[in-house]
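1. With the input below, show me the fold.
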Amino acid sequence: MNRRLPVALAALGLAQVLCVQSAAPAAAAAPSRFESSIWVPFWLPGAVHEVRANAGVFRTASLFWYETASCSSIRREPGAGSRRDVRALRAKGLHVLATVVGSGLPPRAAIRCFSNPATRRAHVHRLVRLAVDGHYDGIDIDYETLAHTKSSTRALQVRHAFDRFVTDLCPALRAHGKQCAVTVMPRVDDSTRVVLGKVIPGVYDYAAIAAAADRMRVMAYDEHSGRFGPGPVAGFPWVRRVIAYTASKTPLSKVELGIPLYGRDFSRHDSVAVSSSEAMTLARQHRVRPHFDTAQREETFRYRSHGVRHTVWFSSPRAVAARTRLAVSDGMGGAAYWAATLDLPGTWKAVRRAAR
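-> The predicted structure is shown next:
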């Protein structure tokens, strides 16, 4: 579930401060109204501008700017960390979170880091300092490498260790007036089965994470990926299953539904992530017309290139709006969109109508 798009999008020790910035304080209880967020990746040109131009759609911008090099090190991605961007987004009334991905914490490293009270405490301290020194309104934890195992035994060890970490982190952030969001892979049951041939989403304990965090964001996408396709990125029946499972573990008012703005081009043995505009470009190049699958509520088309058959599934404004309406009607706290600039024109107008 690596979310860096490899197509024409380009490749997917902080100073001590004397006082805490007076950003909007986070509350432990979930807000009562529908409030959405959007991820802003560092490698997508124009992402900050798009969010500013459509600021009325979102409550929070999550800057996809940081990664763990290890338990003891958090590093900034190239070009990330702009104070000017943070100020510009906040000037539009947005809360600004720093998203930290867990690249340096695969399962074994995560177990060592989070099971030891001293190293866990030190990791929590680094994240709190990042929020304070970077003048962010909070932290969004997106540790997807935790799930990169095929061992159910190890997955359970990761789950217990990560629960301890989140339970320590979120109160520590709130003590500094900062918000705590945790992003998790989609689950549809209590099993620790392997999904897409490489990950076990069961490492995420929805009940414990949602109880600790201000918001839990469930990435309800990549239903089909890699060689496990072709199929919709986020088929509507499957998204409903993800929501139903989530509702069995926590009040949905604390949860944001992750909604994709991208697509996948499936060929014989693999798939390539594409932005929705790139999907439309492919359709025009091969003189085919996408059609909206009414069961999956996603756009799809087929084409041939150099004798190879391709199937493309992708998000359109209609698809994004359908998932937003579902989140609203099911009483979820909001939606979380992946990611700025991957959408088609008209998407945010459709989302505004759907969220009313």
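
2. Ser103 and Val166: what is the separation?
-> Relative to Val166, Ser103 is positioned 18 Å away (C-beta to C-beta, to the nearest Å). Just so you know, the C-beta spots here come from the backbone N, C-alpha and C atoms, and that holds for glycine as well.

3. quick one, helices of the stretch 51-200 of the chain?
-> Under the criterion DSSP state H, counting those that start in this stretch, helices of the stretch 51-200 of the chain are mapped to 83-91, 107-115, 117-133, 152-174.

4. And the average pLDDT for the longest one is what?
-> Read that as helix 152-174. Throughout helix 152-174, pLDDT has a mean value of 98.

5. if we look at it, which residues are touching it?
-> For helix 152-174, contacts defined as C-beta atoms under 8 Å, 6 or more residues apart in numbering pick out 26, 28, 107-108, 110-111, 113-115, 120-121, 123-125, 127-128, 131, 138-139, 141, 143, 146-147, 149, 179-180, 182, 192-193, 200, 202-205, 208-209, 212-214.

6. what about Ser103 and Val166, which has more around it?
-> A direct count of neighbours by other C-beta atoms under 10 Å for Ser103 and Val166 places Val166 higher, at 24 against 16.

7. what pLDDT does the closest residue to that one other than its chain neighbours get?
-> The shortest distance from Val166 to any non-neighbouring residue, by C-beta to C-beta, 6 or more residues apart in numbering, is to Ala212 (4.7 Å). Looking at Ala212, its pLDDT stands at 98.

8. For Gly81, the count of nearby residues, please.
-> 17.

9. swap in Ala118?
-> The tally of other residues near Ala118 (other C-beta under 10 Å) stands at 7.

10. what's the answer for Arg325, then?
-> By other C-beta under 10 Å, 17 other residues sit near Arg325.

11. which residues touch the residue nearest to it when sequence neighbours are not counted?
-> Among residues not flanking Arg325 along the chain, Ala354 sits closest, at 4.5 Å (C-beta to C-beta, 6+ apart). When contacts are counted by C-beta under 8 Å, 6+ apart, Ala354 is found next to Val320, Ala321, Ala322, Thr324, Arg325, Val328.

12. Identify the residues contacting the third one.
-> With contact set as C-beta under 8 Å, 6+ apart, Ala322 has these partners: Phe236, Arg297, Ala354.

13. and stretch 308-319, how far apart are its ends?
-> Across its full length, stretch 308-319 reaches 27 Å between end residues, using C-alpha to C-alpha, to the nearest Å.

14. ok, and for it, which residues are buried?
-> Using 16 or more other C-beta atoms under 10 Å as the test for burial, stretch 308-319 gives His310, Thr311, Val312, Trp313, Phe314, Ser315, Ser316, Pro317, Arg318, Ala319.

15. For the fifth one, name its beta-bridge partners.
-> For Phe314, the residues forming beta bridges with it (DSSP bridges) are Gly263, Glu299.

16. That one contacts Val274, doesn't it?
-> Yes: taking contacts as C-beta atoms under 8 Å, Phe314 lies within contact range of Val274: 6.8 Å.

17. what do those two both touch?
-> Taking C-beta under 8 Å, 6+ apart as the criterion, Phe314 and Val274 both touch Tyr262, Gly263, Arg264.

18. top of these by neighbour count?
-> Gly263 (31 neighbours).

19. Show the pLDDT at it.
-> 98.

20. you'd agree Ala279 is in a strand?
-> No: secondary structure of Ala279 (DSSP: H, G, I helix; E, B strand; the rest coil): helix, not part of a strand.

21. excluding its backbone neighbours, what's nearest it?
-> Ala279's closest residue in space is Phe314 (C-beta to C-beta, 6+ apart), at 3.9 Å.

22. for that neighbour, what are its contacts?
-> Here Phe314 is in contact with Val233, Tyr262, Gly263, Arg264, Val274, Ser276, Ala279, Met280, Pro290, Glu298, Glu299, Thr300 (criterion: C-beta under 8 Å, 6+ apart).

23. Swap in 10 Å and give it another go.
-> Residues near Phe314 by C-beta atoms under 10 Å, 6 or more residues apart in numbering: 232-233, 260-265, 273-280, 282-283, 290, 298-301, 342, 344.

24. ok, now Pro117?
-> Pro117 sits next to Arg164, Asp168 when contact means C-beta under 10 Å, 6+ apart.

25. And the pLDDT for it?
-> 98.

26. now swap in Gly79 and tell me
-> Per-residue pLDDT puts Gly79 at 82.

27. Number of residues surrounding it?
-> A total of 11 residues lie near Gly79 under the criterion other C-beta under 10 Å.

28. Would you check that it makes contact with Leu63?
-> No: counting by C-beta atoms under 10 Å, Gly79 does not reach Leu63; the two are 11.2 Å apart.

29. Which neighbours do those two have in common?
-> Contacts common to Gly79 and Leu63, judged by C-beta under 10 Å, 6+ apart, are Phe42, Asp85.

30. what ranges of this protein fall below the confidence cut-off?
-> Within the chain, the ranges that satisfy pLDDT under 70 run 1-32.

31. Would you mind listing which of the contacts of helix 152-174 are buried?
-> 26, 107, 110-111, 113-115, 120, 123-124, 127-128, 131, 138-139, 141, 143, 146-147, 149, 179-180, 182, 192, 200, 202-205, 208-209, 212-214.

32. Return the residues in contact with Phe34.
-> By C-beta under 10 Å, 6+ apart, Phe34 lies in contact with 59, 253, 256, 324, 327-328, 331-335, 355-356.
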